[in-house]
Each structure stands twice: as structure tokens, then as C-alpha cells.
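J.: Please work out how this folds:
(3 chains)
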Amino acid sequence: MTTQILIAGFGGQGILFAGKFLANKGLVEGKQLSWLPSYGPEMRGGTANCSVVLSDEPIGSPIVTKPDVLIVMNLPSLDKYEDAVVPGGKIFVDSTLIERKVRRRDVDAYYIPATQLAQQNGIPTLANMILLGKVMRESDFTPYEGIEEAVRTVVSAKHADLFDVNLKALELGHSFE
Amino acid sequence: MVVFEKPKSLTNAEFHYCPGCTHGIIHRLVAEAIDTLGIEGITIGVAPVGCAVMAYNYFACDMVEAAHGRAPAMATGIKRSLPDNIVFTYQGDGDLASIGMAETVHAATRNENITVIFVNNAIYGMTGGQMAPTSLPGQVTQTSPYGRDVTVAGYPVKVAELLSSLDGPEFIARVAVNNVKNVRTAKATIQKAFENQINKQGFSLVEVISSCPTNWGMTPENALRWVDEKMIPYYPLGVFKDKSAAKEEC
Amino acid sequence: MSDKVLMKGNEAIAEAAIRAGCRHYFGYPITPQTEVAAYMAKRMPKIGGVFLQAESEIAAINMVYGVAGTGRRVMTSSSSPGVSLKQEGISYIAGSDLPCLIVNVQRGGPGLGGIQPSQSDYFQATKGGGHGDYHLIVLAPSSVQEMADMTSKAFDLADKYRMPAMLLADGTIGQMMEPVKLAEPVEHPFVEKEWAVTGTKMQREHHIVNSLYLVPEQLEKKNFERYERYKKVEENEVIYESFMMDDAEYCVVAFGIAARVSKNAVVAARKEGIKVGLIRPVTLWPFPKKVLSETAEKVKGFLSVELSMGQMIEDVKLATSCRRPVGLCRRSGGMIPSPDEVLEAIKNMQRGEE
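T.: Modelled structure (predicted):
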């Protein structure tokens, strides 16, 4: 199985970090994977996106052009990538930041007020991880088990204090109905 | 009894320099310093592009040939690779003060522990007498046939003054080799520039005012006189920066 | 998979270089390769190595020239505009028969161009770049693993043939992360090279590192000698990957990131019943001429897929002596073709043939 994931939003929302978490989760599972950021000046406040491919086979292109899973944290990203999602794919929307609904009828859409949840729970910078919690609940490309190891790697020794809050964010998203 | 002999750190190759050119003297002074300090076996020289391009044939130590102006960068690489060896560059005015100015300034400001011998004869010699960054105002050359017009070509670069304004370099001096007295001073100064490196004191540059009778269109004797009358007044001799000496005075 | 780590391509280059015994790095900041310099800046001081941010690309390559003359492993890295600046120094290093590694994480050009991935420095890398008769060994990694492996390989080949090697990557491979298994660090106790400048110790004739030969007969002789060595490289060091070529009627030729995209397209085309495969040159110089020439006897056509206006296609045509049509699927300026675009080009090639 190969899962193509595209995460998109504004720079500063932790788009690349979210992708890194998924990549590290894939590594923990022993999967083939690639993580590709958008790079350049747009990283400072402009739009940012991140391609993650997880697979059981060697990965061809690391550039996700037809996502199975699209995670969007701003309206321009939903506008830009909605049509690219494969039929039967999944779109995860931060509904605090994006008011409109997904127009496609041939995909599954999930609306999570991630930014609002993050603020209410005192973890205002972790809407990205709340979204990922929900993504993992609704998808089967990687099990929820083993998140600790992936979080530990991705927060790095320097920011070890962020371990717990990241887990908390994932759990919030994972249990969100 | 031998009263005069070729320094050991010069090879037996015959110099290709023009009659009356003072490169020969400067080569000799560098070689004498290397002999005196007993460092030939650990010295690596960097030849420039310019009249001294074939200096690698004349010095008996290991030699490399740099691209035009890049000698300080190449010397930086060698010195960083072999910090216990002695590394010197031998560069002309076009090489050091025009095309290689960036490399010169940055090696100086890093206080790169190398010795730079900078031969300033106010002209491009090898290519046949074009205007150099150090050609004097009004000086007639092939590319300033009506004399260097400072409103068009700007002013000469005073390398010693320029570099001594930096915090980095250890030692900056200007000497000349147009008479016996000046040659003696030049010899001692060049030797000091090598000693500084041995003592790990850092970037030491000696600007040597040299003559180019061929391209200046003068007899060797007149060329030496021109150094006195025109060059030295514009490029005063002396030590412009000596960080260690300044420290001792404090 | 605990023996694998997640790394960016650029970081993998740096770590692999250190493990290959490189202790000298000189560079100048430029996107999208700056992680190489940043990594070196962090690591080199801790292992007794040298990291120096040079005042320019020109200075950096000449510092490389200096270290290379002393016989030690040395590298620089940059991206397209910066690599243009290095060409003078590269020509001197090649002319002085010295080994070193130059990394080009390509971005779109010409001029200042852009910062997005490109392969448009193919000509520059494989046809000279600087002045004079010379070649570089050019390796084109297409994964983070290969960024590491090819770095090490490049040092070995450069040493073996006393010539500069280039890693020709692109912004995608440089910026992406993949799991990578790093080679064990090799201990490179410094072996004095018989040609290096290290000081005569008054025990031998002086060594001269030089590319100046004013007597044309001498220079010609030098160049002929060098090309004898190049011939050996061409005979012995060609690397390519063959993908689904066994029964292929059509052959896609692509390297680096273009090959990754092309693989997706080849797999998709196979699902539609098109017998197509991929030959991926890993060494761009020496170019895999022989396999392409042999393939020309078996297939109906070739498709060169490039992130340029069409550069490698010339070598594909030369290698196959134009015996089969060679199509081109190209994007330029930092754009990357999608697998669908390549698939469409494969179909066009098939239609043109039938």
C-alpha cells in the first residue's frame, strides 16, 4: 500500500513539523517513506506545504500531486488542492480557519476545529498535531500505536519538554468526534 | 672562501625576468629569509598569474600555481590543511589588488596565518604594460595612453594603507628594492613576515615597490630613479600595522 | 529499521563526506544547498576538521584547490549560480590533476533564475563548464540514500583517477528527507600522495601543482595523458539503473528527481499495457552509452525526461546514433513534470510510433 499525504497551510502553522511526525512514524513502522517540504521565501509567513509518502514498496516520486490524504490549515490550500485529491480520498479541514465545506462529493471530508481546540487546551501552537490525531483515527496507513517514539524523535532532545503536549494534541484529535 | 652565493632555496633554473626588473632581487630576499629561518623543507609557495607566474620553477620548496588573484584563497586551503607548514604567496599588483582584491582583503581580515609578498610595480608586466590598479595618476600605459585619468579610471589602490585599516591582519609593511639601503630593510621586513607565521601570529603582508623598466619604457637606472621620485612619494615606505609590536608597547 | 535515520539529502551529503574522511569544507551560502554548509559548520570543529565560510564561491573553490594540492579529501557545495562562479577553479583543479568533490544542488536558471529544483546544469557539469579540455566525474543521485552513497563514491573515484568529481543533485533531492543507512566511518589515516605538496622535508625534489604549460607540445601531451585516464573511467565506472526494461518496447531515460517521477509514469503505463521501461543514468559522465546503444536495437523509441529545456537528450541521441526516435518530456525553471505528464509523453511516443 502507498499513501500520499499532502499537508498545506501558512508558514508557522507547523506544516513541515506535522509532516516530519508522519515521516518518523513511518520510520518507526519500518515503512518506505519520503518527506518533501516546499522551500524558499514562502516559508516565512506565506503558504507552506509538505508532501509525505508512506509505502510498503520503494517510492517513486516524492512529490505528492494526487493526495490520498489532504490536510489543510487555510482556505487557499483547500482551494488549491481540493481537486487534486484522488476519488475516495480524505480531506481534513481545520474548521476554525476554513469556513467553507469541501465541495467534492467523491471524497470523505472531516472538519476539526483544531485551532480552537488547541487554544482551549492551552496548546495554541499544536493545531497541526490535533489534526494528525484525527487523521490517524480515520485512516489506516499507520497505526496509532507507536506515536510516542515518533514524537520523541521529532521534538528532538532540545525540545524534550514539548513531548507531553504533542502527545496531548494527538490524543485530542484522536478522540475528537 | 665563498662571499656570495645563490640562496639554497632557489633552484638552478634561470630567471625569465627582463633585464633591470627587480623581481630577481625580491625572489632572492624571499629565498634568503627561507634559508635563514631553515624552513625550506616545510615551506609551500603559491605562485600568481602575472610576471611571477613561473616562480614555481625558481623556488626549491614545494610550489603551487594559483588562478589569477586567487593565491590567498589557495594559500588558505593549504595552510588549513597543513597548519604546521609555512605558506607564502608571491603576487603582483594586478593579481593581488585588482582581480584578487576580495581574496586579499578576506585572508587579511581572517588573519590567515600566511605570508604575502606583494610586488607593486604599477603596471601589468606579463601582458605587455597595461594600467594596473596601482598605476600612478597620469601614468602612461598601453591602456591609459593619455596617462591615467583619475576621472575615468579612478585612483591607485594603496594596499598597505587599505589593509592596515582592518582589525584582522598582524603585520602590514611597505618596502622598496631600488637601492642598497632599501634592499636591506626589505630583507629584514620579509624575514619578519615569515617569522610572524612561524610564531603563529597571523597574516603578514609586505608590499614591495618594484620597477618595470621594460614596460615603463626606461633604462633600469632611470626606472630605479622613478621609484624614488614618483612611486615612493605616492606609496610611502614603512610599517603600517604591527599588532604584536603595538601590544608590547602597551 | 533502527539502523536507518531520517535525513535531508543535503545533510546526508555532509555526514557521508565526513564519514568518507573529508575534513575540509569550504562554501558560501546559497539556496537550496545551505544545509550542507550548516551541517559542516556544526560538525567539523568537533572532529578536528575545517569548516570555512569563504568570501565567495570563487574563493571557496580555490581553497579547495589548495587543500586538494596537499592530497587531502576536500569539498565544496553550492547551487547553480554559485557553481558557475566555481568553474574557473574547477578547470584549474582538473588541469592540475587533483581530486576533490564539488556538489551542485541545482536550481532553475539561467542567471539568478529561481530557487526551485532543476537539472539545467547538465551541460555545464558533463561538457566542461570551465575552459579547456577536461571532464568531471558526474554522479546524479536520485534518493537521499544515494546522496550519501554517491558522496562517498565520488571521493573514491576522484582519488582513484586524480580528477574532480561532481555530485549533480537538485533542490528536491537536497531538501527531501528519506530514511538513510549511513556507511560506517572509514578511518583514512593520511597517506602521503606522491604528487602532493606537503613540504620537501629536504628529502626530495620539490613538487609543483600546476596547470600552466607554455610549450604547446607539452600541454598537448598532458591533455592526451589525461584523456587516457578518462578513457579508463569511461570503460570502468559507468553506473546506471535499469527498471522494467526486460521486455520494454519503449525506453524512458531520466536521472535524479526526473527518474523518480518517471518510475511512477512507467508503472502507470505498464498498467495500461504499454511495454515501457526506464534507464536511469547514475553517472552522467561517463554516460551509459553502451547500454543505450544496445537498447536502441531492442526498443522502438526513447523518451528523455528532464528538468531542463532538453540537455541530456543530446547524449541519448549520440549514444543511440539516432537509430530510434528520441522524444523529450521537459519542464524548466524550477517546475517538475507530474507522473501524468510523463505518462502522456510515453503515450505520445507510442502513438507516434504506431
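J.: For chain B, which segments count as helices?
T.: Using DSSP state H, the helices of chain B run over B:23-37, B:55-58, B:71-81, B:93, B:101-109, B:150-153, B:159-164, B:180-198, B:213-216, B:220-226, B:232-234, B:243-249.
J.: Output these as JSON lines; include the columns distance to chain C and mean neighbour count.
T.: Heads up, the C-betas are built off the backbone N, CA and C, glycines and all. As requested, the helices of chain B are arranged in JSON lines below (distance: least, C-beta to the nearest C-beta, whole Å; neighbours: other C-beta atoms under 10 Å in any protein chain shown):
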{"stretch": "helix B:23-37", "distance to chain C": "11", "mean neighbour count": "21"}
{"stretch": "helix B:55-58", "distance to chain C": "5", "mean neighbour count": "24"}
{"stretch": "helix B:71-81", "distance to chain C": "2", "mean neighbour count": "31"}
{"stretch": "helix B:93", "distance to chain C": "19", "mean neighbour count": "25"}
{"stretch": "helix B:101-109", "distance to chain C": "4", "mean neighbour count": "22"}
{"stretch": "helix B:150-153", "distance to chain C": "24", "mean neighbour count": "10"}
{"stretch": "helix B:159-164", "distance to chain C": "14", "mean neighbour count": "20"}
{"stretch": "helix B:180-198", "distance to chain C": "13", "mean neighbour count": "19"}
{"stretch": "helix B:213-216", "distance to chain C": "18", "mean neighbour count": "22"}
{"stretch": "helix B:220-226", "distance to chain C": "25", "mean neighbour count": "17"}
{"stretch": "helix B:232-234", "distance to chain C": "28", "mean neighbour count": "13"}
{"stretch": "helix B:243-249", "distance to chain C": "21", "mean neighbour count": "11"}
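J.: and chain A, which of those is closest to it?
T.: Ranking these by distance to chain A, with C-beta to the nearest C-beta as the measure, places helix B:101-109 first at 27.0 Å.
J.: Centre of the chain to that closest one, how far?
T.: 14 Å (C-alpha atoms, centre = their mean, to the nearest Å).
J.: go on, stretch C:152-163?
T.: If you compare the mean C-alpha spot of stretch C:152-163 with that of the full chain, they lie 12 Å apart, counting by C-alpha atoms, centre = their mean.
J.: what does stretch C:193-207 give?
T.: Taking C-alpha atoms, centre = their mean, one finds the center of stretch C:193-207 at 32 Å from the center of the full chain.
J.: what's in contact with that stretch?
T.: Outside stretch C:193-207, the residues that touch it by C-beta atoms under 8 Å, 6 or more residues apart in numbering or on different chains are B:11, B:40-44, B:59-64, B:78, B:82, B:85, C:69-71, C:97, C:162, C:192, C:208-209.
J.: Now the buried members of those.
T.: If you count burial by 16 or more other C-beta atoms under 10 Å in any protein chain shown, the buried members of the contacts of stretch C:193-207 come out as B:11, B:40-44, B:59-64, B:78, B:82, B:85, C:69-71, C:97, C:162, C:208-209.
J.: Tell me where the chain has helices.
T.: With no chain named, the answer covers chain A. Counting by DSSP H, chain A forms helices over residues A:15-28, A:75-81, A:114-120, A:127-138, A:147-155, A:163-174, given from the N-terminal end onward.
J.: actually it's chain C I care about, not the one you picked
T.: C:9-19, C:34-43, C:57-69, C:80-95, C:122-126, C:144-161, C:171-175, C:216-236, C:256-271, C:289-296, C:312-319, C:339-353.
J.: mean confidence score for the fifth one?
T.: Helix C:122-126 shows an average pLDDT of 98 in the prediction.
J.: Start and end of stretch C:289-303, how far apart?
T.: End-to-end distance for stretch C:289-303: 15 Å, by C-alpha to C-alpha, to the nearest Å.
J.: residues making contact with it?
T.: Under the contact criterion C-beta under 8 Å, 6+ apart, stretch C:289-303 has outside partners C:238, C:240, C:242, C:245, C:248-253, C:279, C:315-316, C:318-321, C:323-329, C:342, C:345-346, C:349-350, C:352-353.
J.: returning to that earlier point: narrow the contacts of stretch C:193-207 to those in strands?
T.: Where these overlap with strands, as defined by DSSP state E, the overlap consists of B:43, B:44, B:62, B:63, B:64, C:208, C:209.
J.: export the residues you listed to a markdown table and tack on distance to chain A and pLDDT?
T.: Putting these into a markdown table (distance: C-beta to the nearest C-beta, whole Å; pLDDT from 0 to 100) gives the following:
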| residue | distance to chain A | pLDDT |
| --- | --- | --- |
| B:43 | 46 | 98 |
| B:44 | 41 | 98 |
| B:62 | 44 | 98 |
| B:63 | 44 | 98 |
| B:64 | 38 | 98 |
| C:208 | 44 | 98 |
| C:209 | 38 | 98 |
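J.: OK, contacts around the closest residue to residue B:191 other than its chain neighbours?
T.: Counting by C-beta to C-beta, 6 or more residues apart in numbering or on different chains, residue B:33 is the residue found nearest to residue B:191 once chain neighbours are left out, at 4.2 Å. Contacts were defined as C-beta under 8 Å, 6+ apart; by that measure residue B:33 touches B:187, B:190, B:191, B:193, B:194.
J.: neighbours around the nearest residue to residue A:99 once chain neighbours are set aside, how many?
T.: Closest residue to residue A:99 apart from its sequence neighbours, by C-beta to C-beta, 6+ apart: residue A:75 at 7.6 Å. Neighbourhood size, residue A:75 [other C-beta atoms under 10 Å in any protein chain shown]: 15.
J.: surely residue A:75 meets residue A:97?
T.: Yes - using C-beta atoms under 8 Å, residue A:75 is in contact with residue A:97, at 7.4 Å.
J.: got any ranges where chain C has weak pLDDT?
T.: Confidence mapping of chain C against pLDDT under 70 gives the ranges C:1-2, C:188-190, C:353-354.
J.: Contact residues of it facing chain B?
T.: Counting by C-beta under 8 Å from any C-beta of the partner chain, the positions of chain C adjacent to chain B are C:24, C:26, C:50, C:52, C:54-56, C:58-60, C:62-70, C:72, C:74, C:88-89, C:92, C:96, C:197-203, C:206-212.
J.: let's go with 6 Å and repeat that
T.: C:50, C:55-56, C:59, C:62-63, C:65-67, C:69-70, C:72, C:88, C:92, C:197, C:199-202, C:206-210, C:212 (C-beta under 6 Å from any C-beta of the partner chain).
J.: I figured residue C:333 hits residue C:109, correct?
T.: No - in this structure residue C:333 lies outside contact range of residue C:109 using C-beta atoms under 6 Å: 8.3 Å.
J.: Near chain C, which residues of chain A? Just list them.
T.: Among all residues of chain A, those adjacent to chain C (criterion: C-beta under 6 Å from any C-beta) are A:23, A:27, A:30, A:34-37, A:39-40, A:60-63, A:65.
J.: Recalculate using a threshold of 10 Å.
T.: Taking C-beta under 10 Å from any C-beta of the partner chain as the contact definition, chain A meets chain C at A:2, A:16, A:19-20, A:23-24, A:26-41, A:51-53, A:57-63, A:65-66, A:84, A:153-154.
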